[in-house]
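Colleague: here is my input, please return the structure:
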Amino acid sequence: MAEPTFPDLRAFLAQLRRDGDLAVVEATVDPRLEAAEIHRRVIAAGGPALLFTGVRGAEMPLVTNLFGTARRAELAFGKRPFRLMRRLVELAETLLPPTPRKLWGARDLAREALRIGVDRRPRRRAGTVMEVVTRDVRLDRLPVLTTWPEDGGPFITLPLVYTEHPAGKGHNLGMYRLQVHDPRTTGMHWQIGKGGGFHHAAAEARGASLPVSVWLGGPPALMLAAIAPLPENVPELMLASLLAGERLRLMHGPEAGSPAVPAAAELALVGRVPAGVRRPEGPFGDHYGYYSLRHDYPVFEVDWLARRRDAIYPATVVGKPRQEDFFLGDLLQELLSPLFPLVMPAVEALWSYGETGYHSLAAAVVKQRYGREAMASAFRILGEGQLSLTKFLLVTDRAVDLKDFRATLTHLLERTRPEADLYVFANLSMDTLDYTGPRVNEGSKGVWLGLGDAVRELPREFSPGLAGAAVPGAAGPATAAGSPAAAGAGGRGEVPQGLREALVFSPGCLVLGGPSYADEPGAAARFAAHPAFAGWPLLVLSDEPRRAAVSPINFLWTTFTRFEPAADIHAAATEVRRNHLAYHPPVLIDARLKPGFPRELHADPGTAALVTRRWCEYFPGGRVEMGDSDAAHLDPG
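Modeller: Sure, this is the predicted structure:
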């Protein structure tokens, strides 16, 4: 049976309805906090997509949680793009030099290529986004969500932002959050290194406004293409067409010179981003699980609103992993993974961890034909498109399942010699949403190699006279409090003053609880140098050791979103060798919260209580399970 394809949002919703995977909420809900809290409860329970038909103050329904399970994310895009991507890579590797036989064998791809592209022919407006076109722009009549209690206001969270280079050097389709400032104006959250930001900078250099159109809804393929980490010279609209398996139909904008809009979108906001205008934007509860703070960003001035008569407004809610964006991000990695060896020939496998916000940690398996060649692959990864935002990179040259983080970390620690294998590069750019550096957009990167055969057997128990614990399946049994000093490889009898807990996360890795950073900033260096931890390659100092050690999800989030390599890596001893800083194990990551770090996201207590009371109004008969939104798929420990 043929796989379903979805030319627009409503076709996808129709399939979800047939599958029983769409819940309709007819009760009146508030777009400020209440709808987002319902969404989080549902996604925490692995529940259905949500169609809200009674959003207070809005002229149209709201749909959320479109891709909030692996099944729905996969359904939206089907198996065809994966098959086609593998076929493209196969031909790229075998077609050269071309021969008649090889070209004939590639005729299937040639047929696919004829279906890919953009169709800009004029067409009737009926049944398209151009059914209603108006200058009476009232963004306050849309069901725009305020998702976290300290957010600076309502944000459009699934906007497809389309721009064209002012010198005609291609287009960009990105997804940048838009804070609604007033009924006709939003912020434009263009970060450093984003394509739309490049276009705006080019227009600003000319003293000109940049025409912009923002699309909401349309084929699911558009949404995936907008967030794909493509090189700057690869057009997102071509990827969207490739994913959809058909040409993307575009229509002329509302007036001459305005950017095009996709016929199948639900709504389009068309206007411009003027040169030289900035306005404070934020705070915003983002996908790192903390508030991104208030900063100045460009302003989007909306001149026209185009919409279907029965438009449906799509939105998402981000926060502590795992949220809806996690399922899209992992699916996108699966889709693009066959390209990595083609673009970076020595990279055999690559995985970025969504539990860290993706940019905080990645791991790679690379080929190494001669000593230290692995670093060439590391530099290649850190210089490739959005991968250049990666803060910390683990690299090995032996096969390991990178999706299994505990296995990957164990594999690396068995093989690493930190004195030579751990590199820290200070004074570099940082992802805008990562606040671990000294200033916004500034920070450092780290690369840790674990190459060749194992060089050590890792300790699995720690019991130098205090409570220790082992995570089931990762290490040996828990050590009882007050047990005799120094058991096995971990203990040396005495423990450092202020140590509250030492918990085994995985073989070779201990999570430590101790003084807060505010109470003793130097505790990390002191703990790293203490002989109690000799034999343990990696220590993590955490404010929440039990929460961190209970699962890989928690460990990844509480560790890698809270440390910066140049400031927060310590060791038993360090020395300079040939201008390289050699770290003698154990290496300690200081993942304690530092002064000024943004607050963790938590639901508003009053809204949470309201949603609990009203749950049966939203879902009569208990047809949708209520999860724990504040845990947000992080194990509470």
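
Colleague: so what's residue 627 up against?
Modeller: 40-47 (C-beta atoms under 8 Å, 6 or more residues apart in numbering). Bear in mind the C-beta positions are built from the backbone N, C-alpha and C, glycine included.

Colleague: give the PyMOL command for selecting the buried subset of the residues you listed.
Modeller: Listed next is the PyMOL selection for buried residues among the contacts of residue 627, using 16 or more other C-beta atoms under 10 Å:
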select buried, resi 40+41+42+43+44+47
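
Colleague: identify, from the contacts of residue 627, the entry nearest to residue 262.
Modeller: Minimum distance to residue 262 across the contacts of residue 627 is 27.0 Å, recorded for residue 43 (C-beta to C-beta).

Colleague: does that closest one count as helix, strand or coil?
Modeller: Secondary structure for residue 43, judged by DSSP: H, G, I helix; E, B strand; the rest coil, is helix.

Colleague: and the pLDDT at the closest residue to residue 419 other than its chain neighbours?
Modeller: Distance criterion C-beta to C-beta, 6 or more residues apart in numbering; nearest residue to residue 419, sequence neighbours excluded, is residue 582 at 4.1 Å. pLDDT recorded at residue 582 is 97.

Colleague: hey, which helix or strand in this protein has the poorest pLDDT?
Modeller: strand 468-470 (a mean of 37; mean pLDDT, DSSP states H and E).

Colleague: C-terminal to it, which secondary structure element comes first?
Modeller: strand 501-506 (DSSP states H and E).

Colleague: for that next one, the distance to its chain's centre please.
Modeller: Strand 501-506 has its C-alpha centroid displaced from the chain centroid by 27 Å (C-alpha atoms, centre = their mean, to the nearest Å).

Colleague: partner strands of it, with direction?
Modeller: strand 468-470 (parallel), strand 509-513 (antiparallel) (DSSP bridges).

Colleague: would you put the C-alpha positions of that strand in CSV?
Modeller: In CSV, the C-alpha atoms belonging to strand 501-506 read as follows (Å, rounded to 0.1, in the frame of the first residue of the first chain):
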residue,chain,number,x,y,z
GLU,A,501,27.4,12.1,47.7
ALA,A,502,29.3,10.1,45.2
LEU,A,503,27.1,8.2,42.7
VAL,A,504,28.2,6.0,39.9
PHE,A,505,26.6,7.1,36.6
SER,A,506,28.5,4.6,34.5
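
Colleague: so where do the helices sit in the stretch 151-300 of the chain?
Modeller: 195-205, 220-227, 236-244 (DSSP state H, counting those that start in this stretch).

Colleague: reformat the ones you listed as CSV; add mean neighbour count and mean pLDDT.
Modeller: Listed next are the helices of the stretch 151-300 of the chain as CSV, based on neighbours: other C-beta atoms under 10 Å; pLDDT from 0 to 100:
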stretch, mean neighbour count, mean pLDDT
helix 195-205, 19, 91
helix 220-227, 24, 87
helix 236-244, 23, 79
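
Colleague: those: which one's closest to residue 449?
Modeller: So among the helices of the stretch 151-300 of the chain, helix 220-227 is nearest, using C-beta to C-beta, at 30.0 Å.

Colleague: relative to residue 412, how far out is residue 17?
Modeller: 46 Å (C-beta to C-beta, to the nearest Å).

Colleague: which one's more surrounded, these two?
Modeller: A count of neighbours by other C-beta atoms under 10 Å puts residue 412 above the other of residue 17 and residue 412, at 23 against 15.

Colleague: doesn't that one fall inside a helix?
Modeller: Yes: Residue 412 sits within a helix when classified using three-state DSSP.

Colleague: from residue 167, how far out is the spatially closest residue to it that is not a sequence neighbour?
Modeller: Leaving aside its sequence neighbours, residue 412 sits nearest to residue 450 (C-beta to C-beta, 6+ apart; 3.2 Å). Taking C-beta to C-beta as the measure, residue 450 falls 46 Å from residue 167.

Colleague: likewise residue 429?
Modeller: 25 Å.

Colleague: these two: who's more crowded?
Modeller: residue 429 (15 against 10).

Colleague: ok, residue 278 touching residue 204?
Modeller: No: using C-beta atoms under 8 Å, residue 278 makes no contact with residue 204, being 10.8 Å away.

Colleague: got a list of what residue 135 touches?
Modeller: 303-305.

Colleague: which of those fall within helices?
Modeller: Judged by DSSP state H, the subset of those located in helices is empty.

Colleague: got a winner among those residues for most neighbours?
Modeller: residue 305 (23 neighbours).

Colleague: give me the neighbour count for the nearest residue to that one once chain neighbours are set aside.
Modeller: Once flanking residues are discounted, residue 305 sits nearest to residue 137: 4.8 Å by C-beta to C-beta, 6+ apart. Per other C-beta under 10 Å, the neighbour tally for residue 137 reads 19.
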